[in-house]
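>>> using only what follows, build the 3D model:
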Amino acid sequence: MIASDLLAQLQCHGVRWQGAEGLSRKGGAGPSDHKALSLGAHTAMVPMLNRASLDSPYSAEPDATGGQALIFREGLQVGQVQLPGVPNFYSLSTEDGTPYWKIATLHSKDVLATTVR
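The predicted structure follows:
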């Protein structure tokens, strides 16, 4: 399957994520029930923490490093995706002690979002 076609299918159907604990967040900038998946030069926000993705024919099995995952459709491997890594700035904090990850979220390799209240 062509990479862009697979990502479009994943966006439509979502993906069941093995070991989804810890993937979600309470909200803020951007969709809290989607995760960025890259396949080749293409990246898409894919639903995986919502009701619809529970019935998806697609499932993902992340590798031990958390940097990649195999994608399966009804048990047959159809692709491999890359996941955004944890950015270095997440370990930093402001002078008053606010962690940077509370200020801005890196959704993908080149998508940074923040929420102003």
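>>> and the lowest mean pLDDT element among the helices and strands of the chain?
Across the helices and strands of the chain, mean confidence by mean pLDDT, DSSP states H and E is lowest for strand 111-114: a mean of 74.
>>> how far does that strand sit from its chain's centre?
14 Å (Cα atoms, centre = their mean, to the nearest Å).
>>> partner strands of it and their direction?
Strand pairing for strand 111-114, using DSSP bridges, gives strand 104-108 (antiparallel).
>>> ok, residue 87 touching residue 106?
Yes: counting by Cβ atoms under 8 Å, residue 87 does reach residue 106; the two are 4.7 Å apart. Just so you know, the C-beta spots here come from the backbone N, C-alpha and C atoms, and that holds for glycine as well.
>>> and those two? Which one has more around it.
residue 106 (18 against 15; other Cβ atoms under 10 Å).
>>> contacting residues around the more buried one?
84, 87, 90, 112 (Cβ atoms under 8 Å, 6 or more residues apart in numbering).
>>> of those residues, which belong to strands?
Within those, residues falling in strands by DSSP state E are residue 112.
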